[in-house]
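1. here you go, sequence then predicted model.
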Amino acid sequence: MRRLFIILALMACLCGALSAQTHYEGAISVGGKAGVTLSRMQFSPSVPQRFLPGMMVGGTFRYIEERHFGLILELNMEQRGWKEMYEGTDFRYQRRFTYLQLPMLTHIFFGKQRFKGFFNAGPELGYMIARSTSSNFDYRNFADIENFPTTNRHNEQLNLEIHSRFDYGISAGLGMEVGVAQRHSLTIEGRFYYGLRDVFSNHKKDAFAGSSGMSIMVTMGYNYQIK
């Protein structure tokens, strides 16, 4: 299933690129974006957790055709991770990863010049450049902590070393674009990312068979049409 998602996304981008080369005269825009994220991990077996708030910022390069279609290449810095859920206690733990992300997206848009709606989808590649852990207890020795919840709960993730800094997955989002002046426009977008690469080791002897990330992003952006 993961391979199928990647193949379909790459095929969509390739078809768009070939169409751009053979049919229509295009427009090129560059810009920037920033926003907030909500992320968590897809652990298998599951871990009680909440979404972890974060931030993202990045730059965009967009090629669009005359008839509702284009391609987008972005370079973003995004925070992801998870926050443990300890119901009925005062324990707090969160783990944050910072990634450089390279989304390669198909851009489908509709509407008029001053106001457009759009749909973006495609694969992402990423690399973890930073990581941090925050807690109000000694998570390296949680077994010695009085009243720490260990029954019917996995806690190995509190101490696990990162196995892979590389990441890849699929993104899809909806948004709108408003023209504010000739060649200038503003965008707002909500996007969902589904990771396909496990952060921690997933061999049979390891604690988790799966540990990929997922996130929800809400961003605002600015585009300047250079051609």
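-> Looks like it came in fine. A quick note: this is a predicted structure, and the numbers were derived from the prediction, not measured.

2. would you map the strands across this protein?
-> For the chain, the strands defined by DSSP state E cover 27-44, 49-50, 52-64, 69-84, 93-111, 115-135, 166-181, 184-195, 210-225.

3. so which of these gets nearest residue 151?
-> Closest to residue 151 of these, according to C-beta to C-beta: strand 69-84, at 15.2 Å. Bear in mind the C-beta positions are built from the backbone N, C-alpha and C, glycine included.

4. please name the strands paired to that closest one in the sheet, noting orientation.
-> strand 49-50 (antiparallel), strand 52-64 (antiparallel), strand 93-111 (antiparallel) (DSSP bridges).

5. buried stuff in it?
-> Of the residues in strand 69-84, those scored as buried under the neighbour-count criterion (16 or more other C-beta atoms under 10 Å) are 69-72, 74, 76-84.

6. what is the nearest of those to residue 194?
-> Looking across those and measuring by C-beta to C-beta, the closest to residue 194 is residue 80, at 12.0 Å.

7. burial count for residue 60?
-> As a burial measure, residue 60 scores 20 neighbours (other C-beta atoms under 10 Å).

8. contact partners for it?
-> 29-33, 72-74, 221, 223 (C-beta atoms under 8 Å, 6 or more residues apart in numbering).

9. thinking again about what came up before, from the buried residues of strand 69-84, which has minimum pLDDT?
-> Among those, residue 69 has the lowest pLDDT, at 87.

10. tell me what that residue is bridged to.
-> Per DSSP bridges, residues listed as beta-bridge partners of residue 69: residue 108.

11. correct me if wrong: it contacts residue 118.
-> No - assessed by C-beta atoms under 8 Å, residue 69 is found out of contact with residue 118, at 10.4 Å.

12. count the residues that sit near residue 202.
-> Number of residues near residue 202 (other C-beta under 10 Å) recorded here: 16.

13. for the closest residue to residue 157 other than its chain neighbours, give me phi and psi.
-> Of all residues not flanking residue 157 in the chain, residue 47 sits nearest, at 5.9 Å (C-beta to C-beta, 6 or more residues apart in numbering). Main-chain torsions, residue 47, degrees, to the nearest 10: phi -130, psi 130.
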